[in-house]
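Sequence and predicted model, in that order:
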Amino acid sequence: MIEIGQFKDIILIIIVYGIVEFIAYSLVSFVNKKFQWLIIQKDEFPTLSTEGLKKFFHHGYDSELGWVRKPNTSHTENGKEGKTKWNIGENGARINPGFEQINSKISCYGDSFTFCRQVNDDKTWEHFLSKLQQTNVLNFGVGNYGIDQSLLRLKREYLTNKTPIVVLAVVPDTISRILSVWKHYYEYGNTFGFKPRFSIKNKNLELIKNPLDSEAKFYDYKTHLEIIKKYDYFYTKKFKKEKIHFPYTLTLFKNPKRNFLIIYWVLKIQFTKKLGKKSFDIEWNPMQIIMKINLNWRINLFKKHNNVELLKKIIENYVSFSKQQQFKAIFMFLPQKDDLGFIKKNYNYYESFIKDISNIDGLFMVDITKNLLKVKNLDELYSDSNEYGGHFSAKGNEKIACLINEMILDLK
């Protein structure tokens with residue numbers, strides 16, 4: 001039997017633990033509100049903003065691709081030289097000032113590095129390439145696209161926007177994007193980002209369609225989570241492992257370095273602001289932790305045969321489509337600044353993949369990485385003054401255009 005003294009000790013331990021648990025819960029909940037990458041139990045089933053969905057449906061939702069830049073839309077954002085603006089034309093491509101009335105010999109598909117965020121319409125690499133080639137280079141890039149979505153969009157747009165040359169360009173992180181069905185499981189907080197993906201079945205590509213292929217499904221998305229979790233690589237591999245939940249005092253230690261560094265910097269930023277001081281010098285620090293983790297993720301994903309094989313199959317499908325439609329298929333990786341930083345100090349983690357796909361008959365490669373590694377001041381080529389670097393600056397886009405132009409001249 002438990003004696004009264006022992007019973008009191010047990011009660012005291014329970015009370016103390018309850019207090020510590022409450023403090024831990026309160027702490028992580030506070031940080032979660034300030035920084036979405038420290039995920040907690042509520043992020044398992046996030047509430048989708050009704051107002052946010054209305055705007056998303058109007059400006060970006062696409063039932064097949066997940067999202068897209070819709071015709072006749074525009075947006076402003078900050079770039080290296082202040083405010084920048086992008087505009088989408090009637091055909092769904094980005095406006096290309098001065099070339100809109102000229103026939104198009106080249107079209108481009110890919111992610112935000114192809115779309116060219118953080119620069120104006122007349123500072124994209126497609127615009128600079130238009131000047132070099134004297135043609136209207138069509139820009140169908142879309143932010144946060146994987147190469148899977150880019151390929152699907154190419155197949156949808158090409159019949160009405162035929163060009164003898166097509167450029168497919170994506171960041172190396174596309175290796176993670178092709179494994180996602182709900183972006184939220186990899187990019188925490190990207191809760192509207194449901195998308196299609198491919199898998200390999202009997203050595204062939206099989207399309208897994210966008211699970212939320214109607215606006216109505218967003219309002220009961222929880223009923224579709226079983227199928228989403230089944231096909232999303234990151235739910236079990238990343239999201240579940242990084243989620244902090246009860247008991248908070250224990251799950252905080254699942255990823256101690258990550259969690260406590262984030263908590264430290266978020267609290268320091270908030271404390272600095274409370275004192276009325278500027279926190280600019282440390283504002284980037286929490287996100288810097290995430291960017292390093294994500295870099296490690298894509299490096300490791302390139303080491304896994306199944307992931308690399310899927311990426312290669314998608315590119316082979318791109319080449320197959322090019323032969324059907326009789327256009328020249330160009331492919332290139334557009335590395336982020338932290339990709340180049342890692343490669344300079346260590347090794348090119350996607351070099352063996354590039355060598356492998358270079359043997360695909362009918363594929364023309366532009367080796368952007370090799371040329372950018374020769375640049376002494378990478379800051380000039382990117383729009384943000386941090387380790388990540390943001391997107392290419394106007395100067396960076398001009399250099400990309402010159403490198404692509406060299407390839408195109410060789411094709412003729």
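It's in. Numbering: from 1, shown residues only.

Buried residues, the longest helix along the chain. List them.
In the chain, assigned by DSSP state H, the helix with the most residues is helix 4-34. Of the residues in helix 4-34, A24, Y25, L27, V28, V31, N32 count as buried by neighbour count, 16 or more other C-beta atoms under 10 Å. Bear in mind the C-beta positions are built from the backbone N, C-alpha and C, glycine included.

Next, count neighbours for F302.
Residues near F302, counting by other C-beta atoms under 10 Å, number 18.

So it is in contact with Y349, correct?
Yes: contact criterion C-beta atoms under 8 Å: F302 and Y349 qualify, at 5.4 Å.

Identify the contacts common to those two.
Shared contacts of F302 and Y349, defined by C-beta atoms under 8 Å, 6 or more residues apart in numbering, comprise P172.

mind checking how far stretch 29-45 is from the chain centre?
Remark: stretch 29-45 is offset 20 Å from the chain centroid, using C-alpha atoms, centre = their mean, to the nearest Å.

hey, C-alpha coordinates of that stretch in CSV?
Extracted as CSV, the C-alpha positions of stretch 29-45 are listed here (Å, rounded to 0.1, in the frame of the first residue of the first chain):
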residue,chain,number,x,y,z
SER,A,29,1.8,27.8,-28.8
PHE,A,30,3.1,31.3,-28.6
VAL,A,31,6.1,30.6,-30.9
ASN,A,32,3.8,28.8,-33.3
LYS,A,33,1.6,31.9,-33.7
LYS,A,34,4.7,33.9,-34.5
PHE,A,35,6.5,31.3,-36.6
GLN,A,36,4.5,28.7,-38.5
TRP,A,37,7.4,26.3,-38.9
LEU,A,38,7.3,25.2,-35.3
ILE,A,39,4.2,23.0,-35.7
ILE,A,40,2.0,21.7,-33.0
GLN,A,41,-1.1,19.5,-32.7
LYS,A,42,-3.5,22.0,-34.2
ASP,A,43,-1.5,22.0,-37.4
GLU,A,44,-2.6,18.4,-38.1
PHE,A,45,-6.0,19.8,-39.0
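
Run through who's touching it.
So stretch 29-45 is contacted by 28, 184, 188-189, 222, 239, 242-246, 259, 262-263, 266-267, 269-270, 286-287, 290 (C-beta under 8 Å, 6+ apart).

Same check on stretch 353-361?
With C-beta under 8 Å, 6+ apart as the test, stretch 353-361 has contacts from 302, 308, 311-312, 315-316, 319, 331, 333, 363, 365, 367, 369.

The same query, at a cut-off of 6 Å, please.
The contact list for stretch 353-361, computed with C-beta atoms under 6 Å, 6 or more residues apart in numbering, reads V308, K312, I315, V319, M365.

Just checking, which of those comes out lowest on pLDDT?
Within the contacts of stretch 353-361, pLDDT reaches its minimum at M365, with 95.

quick one: contacts for it?
M365 neighbours (C-beta under 6 Å, 6+ apart): F331, S358.

What are the boundaries of the helices in the stretch 251-400 of the chain?
Under the criterion DSSP state H, counting those that start in this stretch, the stretch 251-400 of the chain contains helices at 256-274, 280-283, 285-301, 305-325, 337-345, 351-357, 368-372, 394-411.

Make CSV from the ones you listed and add mean neighbour count to it.
Formatted as CSV, the helices of the stretch 251-400 of the chain follow (neighbours: other C-beta atoms under 10 Å):
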stretch, mean neighbour count
helix 256-274, 15
helix 280-283, 12
helix 285-301, 18
helix 305-325, 17
helix 337-345, 18
helix 351-357, 15
helix 368-372, 17
helix 394-411, 18
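
which stretch in these has the least confidence?
For the helices of the stretch 251-400 of the chain, where the average pLDDT is lowest is helix 280-283, sitting at a mean of 90.

hang on, V167 in a strand?
Yes: judged by DSSP: H, G, I helix; E, B strand; the rest coil, V167 forms part of a strand.

how many neighbours does L129 have?
Neighbours of L129 under the rule other C-beta under 10 Å: 25.

ditto for T249
14.

three-state assignment of the spatially most central residue of the chain?
Nearest residue to the geometric centre of the chain (C-alpha atoms, centre = their mean): N144, 4.1 Å. Here N144 is coil, with the state taken from three-state DSSP.

Over to it: give its phi and psi.
phi 70, psi 10 (degrees, to the nearest 10).

One more: W182?
When quoted as degrees, to the nearest 10, the phi and psi of W182 stand at phi -120, psi 110.

Looks like it contacts I228 (just checking).
Yes: applying C-beta atoms under 6 Å as the test, W182 and I228 come out as touching, 5.2 Å apart.

about what we covered before: which one of the buried residues of helix 4-34 is nearest F253?
A24 (10.4 Å; C-beta to C-beta).

per-residue confidence at that closest one?
96.

ok, then the element right after the longest helix of the chain?
Counting by DSSP states H and E, the next helix or strand C-terminal to helix 4-34 is helix 50-59.
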